[in-house]
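Q: Return a 3D structure for these sequence lines:
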Amino acid sequence: MDLVGSPVALRRWAVASLLANMGIVVTGGLVRVTGSGLGCPTWPQCTPGSYVPHAAADVHAFIEFGNRMLTFVLVVIAIGTFLAAWRARDEAGRPRRLVRGLALGAALGIPAQAVIGGVSVLTGLNPWIVGLHLVPSVALIVLCVVLVHETWPVPPVAVRPLARLLVLAASAVGLLVMLLGVIVTGAGPNSGDGGAARNGLDLEAVARTHSLSVWLTVGLTVALIVTTSGAPRARRAVLVLFGVELAQGLIGYAQYFLALPAALVALHMLGTTVFAAALANLWWLTRRASGDGSRNGRAREQTTERS
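A: Residues are numbered from 1 along each chain as shown. Okay, the predicted model is just below:
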């Protein structure tokens, strides 16, 4: 079996890369909600003089160490993805430069994440440094979604200019939603360690601001459901995004009114990765806007849908 030399192999590596980068966000969230953020109190070692927890270490050390070890799983997947991307060729036999660039970007994001994680430990889980962790995480998920698209023989959907504008607006507000969510977490009780500092912001105020941004994203998504009526594939992507938003909203309100239980916070982190992937999927799928919103423009959308 060819592990890196076929289009199917590249597609599998791309999907594995996406799932792994989503998974590491969830495991990082589990480290935080279990209070294991300083289970290994230094970096890159776990404890001074040792890269692994001592036999007498508590469970928090092994949870944090396990999360660090998952980085090596990401490295293996990134190497396989890059090798498959390097060997990929288009129909004319030319190297697929975009695919190579995406695979390289996904690989370079891993050490960036490791460094930010290390700095967060060395600063005693400074909430702003911990929150910064989400930025490359979302960027990597977006890169991997685009990579999956590029390994699948599926053309983009030409949508009306208004729909494309709404997609861009929803993407921008969606990023704001995730950043505000990080700030809410930094103001709440799940600091990653009992002695870690919080960001000092009023939890209720930032939670309300976060909620308003969520509702704005939902409103833009509803508008997209209407404006993608002539593009079935685009509308399906919008409906998936809408479903994720509803689920995330229910979990978010539940965790707020239940005083942020750890299990719901972890589930919300999983939802964040799915939300980022769904948003990136819609953004890349609809990257081609039709020339106008007229009957001819809609005809082009339907032609693209059938291709």
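
Q: For stretch 98-109, buried residues please.
A: By neighbour count on 16 or more other CB atoms under 10 Å, the buried set for stretch 98-109 is Val99, Leu102, Ala103, Leu104, Gly105, Ala106, Ala107, Gly109. All C-beta spots, glycine's among them, are computed from the backbone N, C-alpha and C.

Q: and these as TSV, adding pLDDT and distance to Trp215?
A: Compiled in TSV, those are given as follows (pLDDT from 0 to 100; distance: CB to CB, whole Å):
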residue	pLDDT	distance to Trp215
Val99	95	37
Leu102	96	33
Ala103	96	37
Leu104	96	38
Gly105	95	32
Ala106	94	32
Ala107	94	37
Gly109	93	31
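
Q: Just want the phi and psi numbers for Gly35.
A: Here is the backbone geometry of Gly35 (degrees, to the nearest 10): phi 70, psi 30.

Q: Would you confirm that it contacts Gly192?
A: Yes. Using CB atoms under 8 Å, Gly35 makes contact with Gly192 at a distance of 6.6 Å.

Q: Which stretches in this protein count as helices?
A: 7-33, 59-87, 97-122, 127-132, 134-151, 161-187, 203-227, 232-257, 262-285, 295-306 (DSSP state H).

Q: If the residue lying closest to His54 once chain neighbours are set aside is in a bridge, with which residues?
A: Leaving aside its chain neighbours, His54 sits nearest to Thr47 (6.4 Å; criterion: CB to CB, 6 or more residues apart in numbering). Under the criterion DSSP bridges, Thr47 forms beta bridges with Ser50.

Q: gap between Gly230 and Thr221?
A: With the distance defined as CB to CB, to the nearest Å, Gly230 ends up 17 Å from Thr221.

Q: The two: which is more packed in?
A: Neighbour totals were compared for Gly230 and Thr221, and Thr221 leads with 25 against 22 (other CB atoms under 10 Å).

Q: and the more buried one, what does it touch?
A: Neighbouring residues of Thr221 by CB atoms under 8 Å, 6 or more residues apart in numbering: Ala170, Val238, Leu241, Phe242, Glu245.

Q: Check what pLDDT the third one gets.
A: Here the pLDDT value assigned to Leu241 is 97.

Q: still on that earlier bit, any chance of the helices of the chain in TSV, plus distance to Tyr51?
A: Output for the helices of the chain, formatted as TSV (distance: least, CB to CB, whole Å):
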stretch	distance to Tyr51
helix 7-33	17
helix 59-87	9
helix 97-122	13
helix 127-132	22
helix 134-151	23
helix 161-187	29
helix 203-227	37
helix 232-257	35
helix 262-285	27
helix 295-306	53
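
Q: Just name the most buried of these.
A: With neighbours defined as mean count of other CB atoms under 10 Å, those peak in mean count at helix 134-151, which reaches a mean of 22.

Q: Any chance you could list what contacts that helix?
A: Residues lying outside helix 134-151 but in contact with it, judged by CB under 8 Å, 6+ apart, are 7, 10-11, 14-15, 17-18, 21-22, 24-25, 28, 81, 85, 88, 96, 98-99, 102-103, 105-106, 109, 112-113, 116, 175, 178-179, 182, 272-273, 276-277, 280-281, 283-285.

Q: Need the CA coordinates for that helix. PDB is fine.
A: Once side chains and other backbone atoms are set aside, the C-alpha atoms of helix 134-151 remain, and they are given as PDB (Å, rounded to 0.1, in the frame of the first residue of the first chain):
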ATOM      1  CA  LEU A 134      -6.200  29.400  20.400                       C
ATOM      2  CA  VAL A 135      -5.000  31.600  17.600                       C
ATOM      3  CA  PRO A 136      -2.600  29.100  16.000                       C
ATOM      4  CA  SER A 137      -5.000  26.300  16.800                       C
ATOM      5  CA  VAL A 138      -7.800  28.000  14.700                       C
ATOM      6  CA  ALA A 139      -5.300  28.900  12.000                       C
ATOM      7  CA  LEU A 140      -4.200  25.200  11.800                       C
ATOM      8  CA  ILE A 141      -7.700  24.000  11.600                       C
ATOM      9  CA  VAL A 142      -8.400  26.400   8.800                       C
ATOM     10  CA  LEU A 143      -5.300  25.300   6.900                       C
ATOM     11  CA  CYS A 144      -6.200  21.700   7.300                       C
ATOM     12  CA  VAL A 145      -9.800  22.300   6.100                       C
ATOM     13  CA  VAL A 146      -8.500  24.000   3.000                       C
ATOM     14  CA  LEU A 147      -6.000  21.200   2.500                       C
ATOM     15  CA  VAL A 148      -8.800  18.600   2.700                       C
ATOM     16  CA  HIS A 149     -10.800  20.600   0.100                       C
ATOM     17  CA  GLU A 150      -7.700  20.700  -2.200                       C
ATOM     18  CA  THR A 151      -7.300  16.900  -2.000                       C
END
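
Q: rewinding a little: nearest to Gly39, out of the helices of the chain?
A: Go through the helices of the chain one by one with CB to CB and the one that ends up closest to Gly39 is helix 59-87, at 3.4 Å.
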